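> the following comprises the amino acid sequence and a computationally predicted model.
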Amino acid sequence: MRKQTIFLLAGCLLSASVLSEELTIRVQLANGTGPLTGAVVYLNDGSHAPPAQAEVVQKNRMFHPHVLILPAGSSVSFPNRDNTHHHVYSFSPAKTFDLALYAGEPEAPVVFDKPGIVELGCNIHDHMQAFIVVADTRAVGQTNEQGEVTLALDFGVTQAPSSLNLNIWHPRLPDNTRPVVREISSTSLKNTAIETVNIELVPETRHESPMDHLQNRFRDL
């Protein structure tokens, strides 16, 4: 299986005499051939975001959005806007649930109270896949088209920690159930040093259609 490698570059000026700072992360493909869009990057700096409410919609036999980032304790609704039934489930350790065959909208949202990566699937349409990244921190974001994201850090103390764990996650990691973790020392950050980490990605899976051939035949009648 062909794999790709990406490098992560991190640089910021971090002062130990302040409570908060900003950290800019750049994630790019191997050998500088291009940025990686859509990587989730977060730091567990001790900050906590309040729970939120969100939706993961099923439309055209796909989940929307494909990746959702949420604070721990958030609730998610799973409305079905297709003309067929769906059966949404997850076996992920961070959240196991099962929404049996339904149309419309389930009676109650699902609460995601544990940090981690939650993979979603549909028991009727095997090609359907999405992910919910549950983060117990405010310092979380997703890389843009330039492969960059800026995180606002809030340590809640007057002294920055001696090191920080930088978490990087992407749906195409060989093990996409957990992030890649890189330790960054506060000393290197104060010196605006560049931190580099290698991340292997598996090739993107391509489907001929969101629907199988039999479904397409009935749709076109």
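Arrived safely, thanks for sending.
> just the helices in this structure please.
186-190, 213-220 (DSSP state H).
> now do the buried residues in stretch 169-177.
Under the neighbour-count criterion of 16 or more other Cβ atoms under 10 Å, stretch 169-177 has 169-173, 176 buried. Heads up, the C-betas are built off the backbone N, CA and C, glycines and all.
> I'd say residue 96 and residue 112 touch.
No - the pair residue 96 / residue 112 is not scored as a contact, 11.0 Å apart, by Cβ atoms under 8 Å.
> looking at these two, which has the bigger crowd around it?
Comparing residue 96 with residue 112 by other Cβ atoms under 10 Å, the one with more neighbours is residue 112, at 27 against 10.
> OK, contacts around that one?
Going by Cβ atoms under 8 Å, 6 or more residues apart in numbering, residue 112 touches 70, 72-76, 94-95, 118, 132, 134.
> how about it: what's its closest non-neighbour residue?
The spatial neighbour of residue 112 that comes closest, neighbours along the chain excluded (Cβ to Cβ, 6 or more residues apart in numbering), is residue 134 at 4.8 Å.
> now that neighbour: how far from residue 182?
Residue 134 sits 20 Å away from residue 182, going by Cβ to Cβ, to the nearest Å.
> in this protein, where is pLDDT below threshold?
1-20, 30-33, 155-161, 186-199, 205-221 (pLDDT under 70).
> any idea which strand is longest in it?
In the chain, ranked by residue count with DSSP state E as the criterion, the top strand is strand 20-29.
> give me the buried positions along that one.
By neighbour count on 16+ other Cβ under 10 Å, the buried set for strand 20-29 is 20-21, 23, 25-29.
> identify, from the residues you listed, the entry nearest to residue 124.
Nearest to residue 124, judged by Cβ to Cβ, of those is residue 27 at 34.5 Å.
> these two touch, right, that closest one and residue 38?
No - using Cβ under 8 Å, residue 27 is not in contact with residue 38; the gap is 9.3 Å.
> common neighbours of the two, please.
The contact sets of residue 27 and residue 38 overlap at residue 143 (Cβ under 8 Å, 6+ apart).
> so what's residue 124 closest to, chain neighbours aside?
Per Cβ to Cβ, 6+ apart, closest to residue 124 is residue 87, 5.1 Å.
> ok, residue 171 next?
residue 131 (5.8 Å).
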